[in-house]
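*Asks:* predicted structure and sequence below. I'll ask about it afterward.
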Amino acid sequence: MKRVINQLIHLFEPLPPIPPGIYSSKNNFMLPGVQKAFLRVEKDGSGVLILNASIVLHLNLVAVDMAYGIIQGWSEPKIIENITRKYRVSQPVAENDLKGFMQKLSTLIQRTDLDPEEFIEIERETPYQTSHLSAPYRVDCALTYQLSQMASKDYTPVQRVKNELTTSQWKDIIRKTWQTGIPHIIFTGGEPTTREDLAELIAFTENNGQVCGLITDGLKLNSEEYLNRLLQSGLDHVLITLDVDLEESWNAIKRVASKEIFTAVHITLMPSYQGKLTEIVERLVNAQINAVSLSVSDPVHKELLSIARDLCTSKGLRLIWDLPVPYSKFNPIIADMINEQIVDGAGRAWVYVEPDGDVLPAQGINVVLGNLLEDEWEKIWQECQTYAHQANAAPN
């Protein structure tokens, strides 16, 4: 009788939450094809799962429990038992949930031109509304404010920095972001391909286990040798800022999109584009890119933004809105009024590092929150929280 009572107590005893922190495994038997898997668990139980340093999966509470069991090397029956006890669901429901989760992971692992971020069982806007994060999901590193020779210098903020960090200093910053649990790094600028150490920094980021992206004008990627060097270094995704009137820019898009890498294109819309929007979108469709990002050169042209957005949607082009774009005076964070949650992510879901290590909430928001090379992360993150609270409390 006592044994039965103890079993009942065990059955109904609430399970403790997963302790916040970072968990990892290599060559996990439940994740065939995955060499490295990392799980970051937040205080509220949500988290991110990083697979093969190529994709970040944002997870809700149940998905985090499943991922935690996988990382810990539990058997499927043990994971199912954990779910049934913790969430008070039947065993068939838990089995079905785990099966669906594993199928999603398998599908994502097998894809090659993968979106660098996926959200499992939660809406995309949700993470940017939260204040529980222990660190951002992403850091945008402006390696330089130098531009390629053919780029416009109109909005170059070179006066903001007096010096650029060395390769070793950037590695120190990237190492600090990984130790903090930040899973996603994007190299931007300026034009990051003007840095001779770009491939080296990509490889360093990849070796950490972080997802690595690049925002570029794409012109240097017309070199097959240079493009292959970046890809072999571990680059996971590319966003090319399109110069509509420059054929070399179109050639770069086609070249990169032909590779097995997630390829997006950004267009800063001008009034002169109005009559050729259909042609522009058709060329992007034919290039078989994965996504498109839009902004306007001036907020008064936001109607043009709506027209372009609708045209892209009608042609099946996926829209993205939360990546920084170098020197776009009215970038998507400021000019794209389609989704108000965009502002919520600045200084919270992502931060921006200038070429001298200063941390801003986002590209174009010139509020210095500290210096990532010189200051402790805890101090910078506190400044981020203060900024995010004040920004979201301010009247529109």
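*Replies:* Cool, got the structure. Numbers count the residues shown, from 1 in each chain.

*Asks:* from now on I want contacts and neighbour counts done on CA atoms only, so please keep to that.
*Replies:* Will do.

*Asks:* now residue 180: closest residue in space, sequence neighbours ignored.
*Replies:* residue 135 (6.9 Å; Cα to Cα, 6 or more residues apart in numbering).

*Asks:* for that neighbour, give me its contacts.
*Replies:* 180-182, 348-349, 381 (Cα atoms under 8 Å, 6 or more residues apart in numbering).

*Asks:* which parts of the longest helix seen in the chain are buried?
*Replies:* As assigned by DSSP state H, the longest helix anywhere in the chain is helix 91-110. By neighbour count with 16 or more other Cα atoms under 10 Å, helix 91-110 contains the buried residues 94-95, 97-98, 101-102, 106, 108-109.

*Asks:* next: stretch 375-384.
*Replies:* 377, 380-381, 383-384.

*Asks:* looking at the residues you listed, spot the one nearest residue 287.
*Replies:* Relative to residue 287, the closest of those is residue 384; by Cα to Cα it sits at 39.0 Å.

*Asks:* residue 347 is in contact with the closest one, correct?
*Replies:* Yes. Contact criterion Cα atoms under 8 Å: residue 384 and residue 347 qualify, at 5.2 Å.

*Asks:* between those two, which contacts overlap?
*Replies:* residue 361.

*Asks:* and stretch 208-215, what's its mean pLDDT?
*Replies:* Per-residue pLDDT over stretch 208-215 has a mean of 93.

*Asks:* whoops, stretch 48-59 was the one
*Replies:* 88.

*Asks:* ok, residues contacting it?
*Replies:* 34-41, 46-47, 64, 67, 109, 114-122, 183-184, 206, 209-212, 236.

*Asks:* run the last query once more with 6 Å
*Replies:* 34-40, 46-47, 116-120, 209-211, 236 (Cα atoms under 6 Å, 6 or more residues apart in numbering).

*Asks:* then stretch 374-385?
*Replies:* Counting by Cα under 6 Å, 6+ apart, residues outside stretch 374-385 touching it are 347, 369-370.

*Asks:* chain center to it: distance?
*Replies:* 20 Å (Cα atoms, centre = their mean, to the nearest Å).

*Asks:* before we move on, back to that, in helices, which of the contacts of stretch 48-59 appear?
*Replies:* Checking the contacts of stretch 48-59 against helices, none of them qualifies (DSSP H).

*Asks:* got any ranges where the stretch 201-350 of the chain has weak pLDDT?
*Replies:* Residues of the stretch 201-350 of the chain meeting the criterion pLDDT under 70: 326-344.

*Asks:* quick one, helices of this structure?
*Replies:* Under DSSP H, the chain gives helices at 2-12, 61-71, 76-87, 91-110, 167-180, 198-208, 224-233, 247-257, 277-287, 302-314, 332-335, 342-345, 377-393.

*Asks:* pLDDT averaged over the longest one - what is it?
*Replies:* Per-residue pLDDT values over helix 91-110 give a mean of 91.

*Asks:* what angle do it and helix 61-71 make?
*Replies:* Between helix 91-110 and helix 61-71, the angle comes out at 70 degrees (axes from the mean of the first three to the mean of the last three Cα atoms, to 10 degrees).

*Asks:* okay, now residue 17: neighbour count?
*Replies:* Per other Cα atoms under 10 Å, the neighbour tally for residue 17 reads 12.

*Asks:* could you check how far it is from residue 76?
*Replies:* 19 Å (Cα to Cα, to the nearest Å).

*Asks:* quick revisit: neighbour-wise, which of the contacts of stretch 374-385 leads?
*Replies:* Ranking the contacts of stretch 374-385 using other Cα under 10 Å puts residue 347 first, with 28 neighbours.

*Asks:* spit out the contact partners of that one.
*Replies:* So residue 347 contacts 361, 384, 388 (Cα under 6 Å, 6+ apart).

*Asks:* domains of this protein?
*Replies:* 14-120, 135-393 (automatic domain parsing).

*Asks:* just the ones of the contacts of stretch 48-59 in strands?
*Replies:* 36-40, 47, 117-120, 211 (DSSP state E).

*Asks:* what about residue 224, how many neighbours?
*Replies:* So residue 224, with other Cα under 10 Å, has 12 neighbours.

*Asks:* buried ones in stretch 216-223, by neighbour count?
*Replies:* 216-222.

*Asks:* convert that stretch to CSV, retaining C-alpha atoms only.
*Replies:* Taking Å, rounded to 0.1, in the frame of the first residue of the first chain, the C-alpha atoms of stretch 216-223 are listed here in CSV:
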residue,chain,number,x,y,z
THR,A,216,26.7,43.5,-48.2
ASP,A,217,26.3,45.4,-51.5
GLY,A,218,27.4,42.1,-53.1
LEU,A,219,29.8,43.5,-55.6
LYS,A,220,32.8,41.6,-54.4
LEU,A,221,30.7,38.4,-54.4
ASN,A,222,30.8,38.4,-58.2
SER,A,223,34.2,36.8,-57.7
